[in-house]
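# Would you be able to build a 3D model of this:
(chains A and B)
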Amino acid sequence: GQSLEQPSEVTAVEGAIVQINCTYQTSGFYGLSWYQQHDGGAPTFLSYNALDGLEETGRFSSFLSRSDSYGYLLLQELQMKDSASYFCAVRESWGKLQFGAGTQVVVTP
Amino acid sequence: EAEVAQSPRYKITEKSQAVAFWCDPISGHATLYWYRQILGQGPELLVQFQDESVVDDSQLPKDRFSAERLKGVDSTLKIQPAELGDSAMYLCASSNRDRGHEQFFGPGTRLTVL
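Take a look at the predicted model:
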């Protein structure tokens, strides 16, 4: 079957580092995207990995291992505004994304 | 900054009524997506358009849902008749033809079926 697994919730203090893991089992795989969604807001694109390795975008980094069907999103120097839900999404075909259930990140002072 | 527009933002209806949602994608984006998001879950793709053609509607409940993008620009999603289980956020997104991994989402329509 098709599935994406990520933790439901992570709590950390301001300034800390958080890693959100995502394992997947899908019928097709072109790459792994990450999206952020604040309460009541729309998902916004964060990063994308098509090849193995680490992609860095400011305080956020994303990693992919295709052989392990695994990826993670790393949030560094956590800020209060980073409190949100984070979704991994597999690009199954040229345009289709299958989203995970999301990880709620709670940042505390 | 270009944005995806959706209307209405909120819709309350009674079961068995018809509802329609409208989406205007970012100008130039060939690909348009309709998603349904239930609270606490990730977005689920309902239908994907490439220009005016449907390329994926495998998860669209076709007995009650329909979608169109007649001129390859804006799009309408319709539910008739609405059921209690249709209460959810309906999100529209768009992307460039070859950048489906980077989708731009609209603010969504929050549907409540009573």
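# where does residue A:1 land on pLDDT?
The per-residue pLDDT reported for residue A:1 equals 55.
# hmm, I was thinking of residue A:93
79.
# for residue A:81, same thing?
At residue A:81, pLDDT is 97.
# any idea which element the residue most central in space within chain B lies in?
Nearest to the geometric centre of chain B sits residue B:34, at 2.9 Å (CA atoms, centre = their mean). In this assignment (DSSP states H and E), residue B:34 forms part of strand B:31-37.
# Which strands or helices does that strand pack on?
strand B:44-50, strand B:75-79, strand B:88-95 (3 or more CB pairs under 8 Å, 6 or more residues apart in numbering or on different chains; DSSP states H and E). Every C-beta, even on glycine, is put in place using the N, C-alpha and C of the backbone.
# Could you export the ones you listed as CSV, including mean pLDDT and distance to residue A:5?
Output for these, formatted as CSV (pLDDT from 0 to 100; distance: least, CB to CB, whole Å):
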stretch, mean pLDDT, distance to residue A:5
strand B:44-50, 96, 16
strand B:75-79, 98, 29
strand B:88-95, 97, 22
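# Figure out which of these is closest to residue A:23.
strand B:44-50 (19.2 Å; CB to CB).
# what pairs with that closest one, and is each one parallel or antiparallel?
strand B:31-37 (antiparallel), strand B:53-56 (antiparallel) (DSSP bridges).
# Least confident of these, on average?
Among the strands paired with strand B:44-50, strand B:53-56 scores lowest, at a mean of 94.
# Buried residues, that strand. List them.
residue B:56 (16 or more other CB atoms under 10 Å in any protein chain shown).
# do the same with stretch A:46-60
In stretch A:46-60, counting by 16+ other CB under 10 Å, buried: A:46-49, A:55, A:60.
# All the strands of chain A, in order from the start?
A:3-5, A:9-13, A:18-25, A:31-37, A:44-49, A:53-57, A:60-65, A:70-75, A:84-91, A:97-99, A:103-108 (DSSP state E).
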